[in-house]
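*Asks:* sequence and predicted structure, then a few things I'm wondering about:
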Amino acid sequence: MAAEHNFFNFLGDNLVEFAKFTGFANVEYGHIIMILIGLFFIYLAISKKFEPMLLVPIGFGIIVGNIPFFPGMQIGIYEDGSVLNYLYFGVLKGVYPPLIFLGIGAMTDFSALISNPKLMLIGAAAQFGIFGAYMLALAFGFSASEAGAIGIIGGADGPTAIFLSSKLAPDLMGAIAVSAYSYMALVPVIQPPIMKLFTTKKERLIKMRPPRMVSTTEKIIFPIIGVLLTCFLVPSGLPLLGMLFFGNLLKESGVTRRLAVTASGPLIDIVTILIGFTVGASTQATTFLTLKSVGIFALGAISFVIATSTGVLFVKVFNLFLKEGNKINPLIGNSGVSAVPDSARVSQEVGLKYDKTNYLLMHAMGPNVAGVIGSAVAAGILLGFLG
């Protein structure tokens, strides 16, 4: 009887110990809230087709990162020695973003920008969202480094936001990254009302001249000149800009097709999976659900609105100095934010609503790819005086 009693005591103690390590015993309201947010991201990706390549990994990462566990088991993303912590290293040290920029460069055609260089000014104008949000963040009490990292959300460039926040405000990286990718996914929702608000019907009907043909030589020279000009100007942007232009040279040189295909295909897909999943997993409720996170989302929305508005308004002002026939349709001003190619596609869709024969996509791709360069330059500038 004593042996049987000891056995049941032993079994009972084991069950109690087991229960202590389950997620049910360690769950908090914050975990449930974050898991619901992760499910919402997956819903938007699958049902609404909002940036599924980003929101599915991030949404599932949020779920995984918020499964409660007993501390010290070396499974959490912030626990030294855990597998997730090793995967997160690429985010924390800014390894993944340059690799994504390599892939972006290898899949980007800069012809629209080369054929009409003045479109680069639109991409530059849209970066006012970054510096506007930076000043607002300072006004709301964030430190200079935190404000710089928050401001980059206005560029609508997730990899750039991760790269800069990993250097300036690693504690806020999860909120900044999720905010940046969220607003990238919501480009088709946020931008059209702003574009319509700041343009007249006459302006929306402006037809632009077809872009000229760009030679192979120009395409090869562009990434070389681009990296020299931008990186001499802002050396701190070298990891992003160097990889962006290197990827483009792989594409345009004509002799490194295998490398270009790898960079623009398997490599960028693998890194996108890793960066999306680990960024999502980094949003543990204990570190993510704070007033600062709410403030970051609000400032991110404001910076995105400023970026879109300044892009459109810049075109309107710029048109005052252009002759009739050379004017730019201000509907492409929104594409200065670097959500490639979604913001350019929005320019096209809004334009077609007012004139079924007015195709703006090729024109919008000019400021769109300029926005990619512009956001990286802006990140370099912020890193230069805040890092």
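*Replies:* Looks like it came in fine.
*Asks:* in whatever helix or strand His31 lives in, what's buried?
*Replies:* Secondary structure from DSSP states H and E places His31 in helix 29-47. Across helix 29-47, burial judged by 16 or more other CB atoms under 10 Å covers 30-31, 34-35, 37-38, 41-42, 44-45. Where C-beta positions appear, they are placed from N, C-alpha and C, glycine not excepted.
*Asks:* just stretch 350-370 next, same as before
*Replies:* 350-351, 354, 358, 360-370.
*Asks:* could you list the residues in contact with that stretch?
*Replies:* For stretch 350-370, contacts defined as CB atoms under 8 Å, 6 or more residues apart in numbering pick out 108-110, 112-113, 115-116, 119-120, 122-124, 126, 192, 195-196, 201, 204-205, 207-208, 210-211, 311, 328-329, 331-333, 335-336, 338-341, 343-345, 347-348.
*Asks:* how confident was the prediction at Phe8?
*Replies:* pLDDT for Phe8: 65.
*Asks:* same deal with Ala2?
*Replies:* Reported pLDDT for Ala2: 56.
*Asks:* for Ser338, see how far away the residue most central in space within the chain is.
*Replies:* Centroid-nearest residue in the chain, with CA atoms, centre = their mean: Gly158, separated by 1.7 Å. Between Gly158 and Ser338 the computed distance is 10 Å (CB to CB, to the nearest Å).
*Asks:* same deal with Gly38?
*Replies:* Distance, Gly38 to Ser338, by CB to CB: 26 Å.
*Asks:* circling back to that earlier point, narrow the contacts of stretch 350-370 to those that are buried.
*Replies:* The buried subset of the contacts of stretch 350-370 - by 16+ other CB under 10 Å - is 108, 110, 112-113, 115-116, 119-120, 122-124, 126, 192, 195-196, 204, 208, 211, 311, 328-329, 331-333, 335-336, 338-341, 343-345, 347-348.
*Asks:* ok, for Gly72, nearest residue in space, not its chain neighbours?
*Replies:* Sequence neighbours aside, Glu79 is the residue nearest to Gly72 in space, at 7.5 Å (criterion: CB to CB, 6 or more residues apart in numbering).
*Asks:* show me the contacts for that neighbour.
*Replies:* Per CB under 8 Å, 6+ apart, neighbours of Glu79: 71-73, 85.
*Asks:* then stretch 46-59 to CSV, C-alphas only?
*Replies:* What follows is stretch 46-59, C-alpha atoms only, in CSV (Å, rounded to 0.1, in the frame of the first residue of the first chain):
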residue,chain,number,x,y,z
ILE,A,46,-5.3,35.5,-47.4
SER,A,47,-8.8,37.1,-47.6
LYS,A,48,-7.9,40.6,-48.7
LYS,A,49,-4.6,39.8,-50.6
PHE,A,50,-2.8,42.6,-48.6
GLU,A,51,1.0,41.8,-49.0
PRO,A,52,0.6,38.1,-48.4
MET,A,53,4.3,37.5,-48.8
LEU,A,54,4.9,39.7,-45.8
LEU,A,55,1.8,39.4,-43.6
VAL,A,56,1.6,35.6,-43.6
PRO,A,57,5.1,35.1,-42.1
ILE,A,58,4.7,38.1,-39.8
GLY,A,59,1.2,37.0,-38.7
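*Asks:* average pLDDT for it, rounded please.
*Replies:* On average, stretch 46-59 scores 92.
*Asks:* read off the pLDDT value for the nearest residue to Ser293 once chain neighbours are set aside.
*Replies:* The shortest distance from Ser293 to any non-neighbouring residue, by CB to CB, 6+ apart, is to Ala175 (4.1 Å). Note on Ala175: pLDDT of 90.
*Asks:* quick one: residues contacting Ala175.
*Replies:* For Ala175, the contacting residues are 283, 288, 292-293, 296-297, by CB under 8 Å, 6+ apart.
*Asks:* so how far is Val372 from the residue nearest to the centre of the chain?
*Replies:* 12 Å.
*Asks:* give the buried residues for the longest helix that the chain contains.
*Replies:* When the chain is parsed with DSSP state H, its longest helix is helix 291-319. Under the neighbour-count criterion of 16+ other CB under 10 Å, helix 291-319 has 292-293, 295-297, 299-316, 318-319 buried.
*Asks:* how far off centre is it?
*Replies:* Helix 291-319 sits 14 Å away from the centroid of its parent chain (CA atoms, centre = their mean, to the nearest Å).
*Asks:* helices or strands up against that helix?
*Replies:* helix 120-125, helix 128-139, helix 144-151, helix 173-185, helix 187-197 (3 or more CB pairs under 8 Å, 6 or more residues apart in numbering; DSSP states H and E).
*Asks:* next, format those helices as JSON lines and append distance to Ser165.
*Replies:* Output for the helices and strands packed on helix 291-319, formatted as JSON lines (distance: least, CB to CB, whole Å):
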{"stretch": "helix 120-125", "distance to Ser165": "22"}
{"stretch": "helix 128-139", "distance to Ser165": "12"}
{"stretch": "helix 144-151", "distance to Ser165": "4"}
{"stretch": "helix 173-185", "distance to Ser165": "4"}
{"stretch": "helix 187-197", "distance to Ser165": "20"}
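*Asks:* can you say which of these is nearest to Ile58?
*Replies:* With CB to CB, the closest approach to Ile58 among the helices and strands packed on helix 291-319 belongs to helix 173-185: 6.0 Å.
*Asks:* give me the angle between that closest one and helix 144-151.
*Replies:* 30 degrees (axes from the mean of the first three to the mean of the last three CA atoms, to 10 degrees).
*Asks:* so which strand or helix has Pro239?
*Replies:* Assessed by DSSP H and E, Pro239 sits inside helix 238-252.
*Asks:* which regions of this protein sit below the pLDDT cut-off?
*Replies:* 1-8, 10, 387 (pLDDT under 70).
*Asks:* please, where are all the helices along the stretch 251-387 of the chain?
*Replies:* Ranges of helices within the stretch 251-387 of the chain are 257-262, 268-281, 285-288, 291-319, 342-354, 361-386, based on DSSP state H, counting those that start in this stretch.
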